[in-house]
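Asks: Sequence and predicted structure, then a few things I'm wondering about:
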Amino acid sequence: MERNNILKEILSDPEIMEKYKIKQNSLDELTTNAPYNKKIVEVLSVIINENDNHLNSSMIYKKIKKIHNIG
Amino acid sequence: MASIINSISFKNFFNYYGDYDTTKYDFEKGVNVVVADNGAGKSKFFNAFLWLFYDEVLDSDDKKRKSVKNFAVKIISDKAKNETSIGETVESGIKVEYSTGRYKFQITKSFSATRIGEKLSDFDSWQITMDDMEVDKTDHVLPKYKPVYDANEKQKIISQLILPTLRQYSFFQGEEVDKMIDFSKKSSIEDAVRTLTNISKYEDIAQIVEDITNKAYNDLNKQTKSTSDHNDRLDSAIKLKESLQVQLSKENEKLEIQKELYEVAEQEKNDLEQNFANAEKRKELDDKLSEKNKTLRRVKEEYDTFLESINNRFFDGNFSWISLGFENSVLDFKHKIKEFRVKRYEKKTLLGVAESPNDYFTILPANSPDTVTLEQMIDGEHCHVCDRPAEKGSDAYNYLLKLKNRPNENTTKKEFVKNDLEDFFGNLQLNASPFLNKFESIPQSVLRTREKELELKKRLDKLSSEAKALKSRRKDILIAGTESDGNDNASNIINQYKGSIRRTEQASSKIERIENTIKDLKSKITNTDKEITNLRPKDIPEGFSISYDISQDLLEATHKAQERVFDKMVSLLESHANNHFQNLIKYNDIQGGFLKFAKTPSGGISLDYTDDAGNEVSGASEGFQRMKKFAVVMSIISANTSQYNYPLLADAPLSAFGNAFNKGFFDSIPNVFPQSIILVKDLYDKDLDGKLTDLGQKLMKSDTIKTLYLNEVDGELPQIERTTKIERRK
């Protein structure tokens, strides 16, 4: 619940919403759980979830690289 | 689900004499009250939780926490100790039962003491063995307690009752509230916000996103360099960005320094505000006090001189008061002196007659014949008085000689009493005569003098109490340890205070300037970044660019979210704090002010107390100060998005602040705490039938109060026999 709120709070930035085409109603539905329909949501969800799992930034970056198929 | 304390019981724990089943409190969700006079077990109750959480108890003698093991002898009930013979063992302990949504736990901490010496309170007379902590667990569906053996789990179960980080807001004794939130320390509110909100999560995420952005940027650059399709414009754009970033980091360092300077100055300003809520007001009071002291000294001198003059007059011989009580002695003296004189003359005459009868029976008048005639009669040997011859040697001749020598004889007085007190009594009469007509005026004089003395004394007392009131008002403005006499200190404070404000203003304007520079640099970096993106070779895998792009956007968005959350929290705190504050003080006649939270340039939160018009208010009474702190603590808890899951355990939270505050407090706490156990003395009145004050009786009827206990000890019994009796009233 808290993770979802953090996700929504960060992505609620108007510039982000506009650039990544996130609509208000879909923002309200967002969760940190898969499946993700946008990469930015997936990246941020991984960061939020793995931070809670006490992974450091290098470990999290490795996971993010996989999302972008560059890992 | 919230942790709810179901019960606590004691075994020979201080005055709680007896076994667990005889000294037990059962509690419910909601507000629970334990009413007790001093010495009737409030602090001991609180000590049980200190033992539970920290293996310590508070020594009421020096107000310091002591380890249970070292303090064990004092913990055991005196009555239980007294009933234990040498060689026998007595047990002392506490048992707490609490439940969460799914489980119920029972924790027992105890020790055994074997008596080995005569002296009851002597630490050497007892051998202490600490028992293993027992923790039992059961679920609510099939309640059957099973022991927990794992030490870590046991500790976790204790922590879960009230989390260690939250105990400062949930477990405290009266005056500790003042330390909970120190308005003079900006960080105090921030720490509380940090403890109770998820703001630190955003900070963590921002840090991770920043690291990831840097890594993504480096990876992207590596990819750029590895391709052949790059050009000089790109290289120079990358270099420009790097140089801009170096500048940015320098500006950020400068910003941090200025923020620190701001915080130091702000802290100093807050310290001064706290210590000398209003230095100018204090100076005004100092001036008034100095004037008052001057008058006081003058009147004191007048009073002393007056008393001294009364004292001196007793010795100047003219003071009529010394004859007070001698009114009847005058007549008495008259009679006695008359009697004395009659007797005296009788004695004198009798003696004179016996010795020289002729002296008393002469026919000649006194001093007759005169000396010249007598000379002629002696020379002529003839008495002209009786016209007879007085030949030399004859009786007549000798008589003439005797008459001639008469004056000499008269001067030689013969003693006729051993101590002649004629002169003494005569002087006495003479000295007393000025007082004879003053008797009547003495009571009036005493009355007038006393009136004057009382008037001076009254004036003196009035001035003293006025000076005392001024001092006390002055002290209210001050904080212990910084009190100093004279105006110089107040002036110093005013100067220091103004200095700190000046420094905050300077730092604030510098912060603004640097922030503008940073904004410019960031904008330049963004533009350069755009240029770099356009210039990057097209054969780099798309993922690298997207990764960098997304992480960059997220970095910006996370910082903004962090700020938004902080701002929202500040305004939420303000609204919650004011709601709680108004509830807490609603029964008070004096209208309270408003609590205003604001974000400082250094990113902290400042708290001001203002009136309707937004002017800062200072010098509120201690009760209001305590309520302000409660309101802030309660707001920190209630403004937290998730529910607060821990009970409030408070010993004398509002001691001596009066009914209005108590009533507001009991009304407000259920809004924040799922369960409260409040130990309070203010509701106790031993002279009333039910031993409860009006407010106590009202609370009994209130739906918010779920249980109410009354503790009593028989104060007339010797300490060794004294035990706490627990009576459940509700």
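Replies: Received, thanks.
Asks: Tell me who's in contact with B:Cys383.
Replies: Under the criterion of CB atoms under 8 Å, 6 or more residues apart in numbering or on different chains, the contact list for B:Cys383 reads B:Met377, B:Pro389, B:Ala390, B:Ala396, B:Leu400. From N, CA and C alone the C-beta is placed, and that goes for glycine too.
Asks: Let me know the next secondary structure element after the lengthiest helix in chain A.
Replies: In terms of residue count, the longest helix belonging to chain A (DSSP state H) is helix A:39-52. Downstream of helix A:39-52, the next assigned helix or strand under DSSP states H and E is helix A:57-67.
Asks: and chain A, which residues reach chain B?
Replies: The interface of chain A toward chain B, taken as CB under 8 Å from any CB of the partner chain, is made up of A:2, A:5-6, A:9-13, A:15-16, A:19-20, A:39-40, A:43-44, A:47-48, A:51, A:57-58, A:60-61, A:64-65, A:68-70.
Asks: mean confidence for stretch A:54-70?
Replies: Regarding stretch A:54-70, the rounded mean pLDDT is 93.
Asks: cool, stretch B:569-581 as well?
Replies: Taken as a whole, stretch B:569-581 carries a mean pLDDT of 86.
Asks: thinking again about what came up before, mind giving me the PyMOL select for the contacts of B:Cys383, buried ones only?
Replies: A single PyMOL command suffices to select whichever of the contacts of B:Cys383 are buried according to 16 or more other CB atoms under 10 Å in any protein chain shown:
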select buried, chain B and resi 377+390+396+400
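Asks: out of the contacts of B:Cys383, who's nearest B:Lys11?
Replies: Proximity to B:Lys11 was ranked across the contacts of B:Cys383 by CB to CB; first place goes to B:Leu400, at 127.7 Å.
Asks: how close does the closest one sit to B:Cys383?
Replies: According to CB to CB, to the nearest Å, B:Leu400 and B:Cys383 sit 7 Å apart.
Asks: tell me, what's touching the two both at once?
Replies: For the pair B:Leu400 and B:Cys383, residues contacting each of them under the criterion CB under 8 Å, 6+ apart are B:Met377, B:Ala390.
Asks: quick one: contacts for the residue minimising distance to the centre of chain A?
Replies: When chain A is reduced to its mean C-alpha position, the nearest residue by CA atoms, centre = their mean turns out to be A:Leu44, at 2.4 Å. A:Leu44 is in contact with A:Leu7, A:Ile10, A:Leu11, A:Thr32, B:Leu554, counting by CB under 8 Å, 6+ apart.
Asks: surely the fourth one meets A:Ile47?
Replies: No: when contacts are counted by CB atoms under 8 Å, A:Thr32 is not listed as touching A:Ile47 (9.4 Å).
Asks: of these two, who's got more company?
Replies: Here A:Thr32 and A:Ile47 are compared on neighbour count by other CB atoms under 10 Å in any protein chain shown; more neighbours surround A:Ile47, at 28 against 21.
Asks: Contacts only, for that one.
Replies: A:Ile47 neighbours (CB under 8 Å, 6+ apart): A:Ile60, A:Ile64, B:Ile205, B:Ile208, B:Val209, B:Ile212, B:Leu554.
Asks: Mind jotting down where the helices sit in the stretch 601-730 of chain B?
Replies: Using DSSP state H, counting those that start in this stretch, the helices of the stretch 601-730 of chain B run over B:622-638, B:659-668, B:694-701.
Asks: now, of the ones you listed, which is deepest in the fold?
Replies: Greatest average neighbour count among these goes to helix B:622-638 (a mean of 22), per mean count of other CB atoms under 10 Å in any protein chain shown.
Asks: hey, C-alpha coordinates of it in PDB?
Replies: These are the backbone C-alpha positions of helix B:622-638, laid out as PDB (Å, rounded to 0.1, in the frame of the first residue of the first chain):
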ATOM      1  CA  GLU B 622       3.000  26.200  31.500                       C
ATOM      2  CA  GLY B 623      -0.300  24.400  31.000                       C
ATOM      3  CA  PHE B 624      -0.600  25.800  27.500                       C
ATOM      4  CA  GLN B 625       3.000  25.000  26.800                       C
ATOM      5  CA  ARG B 626       2.400  21.400  27.800                       C
ATOM      6  CA  MET B 627      -0.700  21.200  25.700                       C
ATOM      7  CA  LYS B 628       1.100  22.600  22.700                       C
ATOM      8  CA  LYS B 629       3.600  19.800  23.000                       C
ATOM      9  CA  PHE B 630       0.800  17.200  23.300                       C
ATOM     10  CA  ALA B 631      -0.900  18.700  20.300                       C
ATOM     11  CA  VAL B 632       2.300  18.400  18.300                       C
ATOM     12  CA  VAL B 633       3.000  14.900  19.400                       C
ATOM     13  CA  MET B 634      -0.600  13.900  18.700                       C
ATOM     14  CA  SER B 635      -0.500  15.500  15.300                       C
ATOM     15  CA  ILE B 636       2.700  13.700  14.500                       C
ATOM     16  CA  ILE B 637       0.900  10.500  15.300                       C
ATOM     17  CA  SER B 638      -2.500  11.200  13.800                       C
END
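Asks: Residue in the stretch 301-450 of chain B with the shortest distance to chain A?
Replies: Taking CB to the nearest CB as the measure, the point where the stretch 301-450 of chain B comes nearest chain A is B:Tyr303, at 72.8 Å.
Asks: I'd guess that residue is in a helix, am I close?
Replies: Yes: B:Tyr303 forms part of a helix when assessed by DSSP: H, G, I helix; E, B strand; the rest coil.
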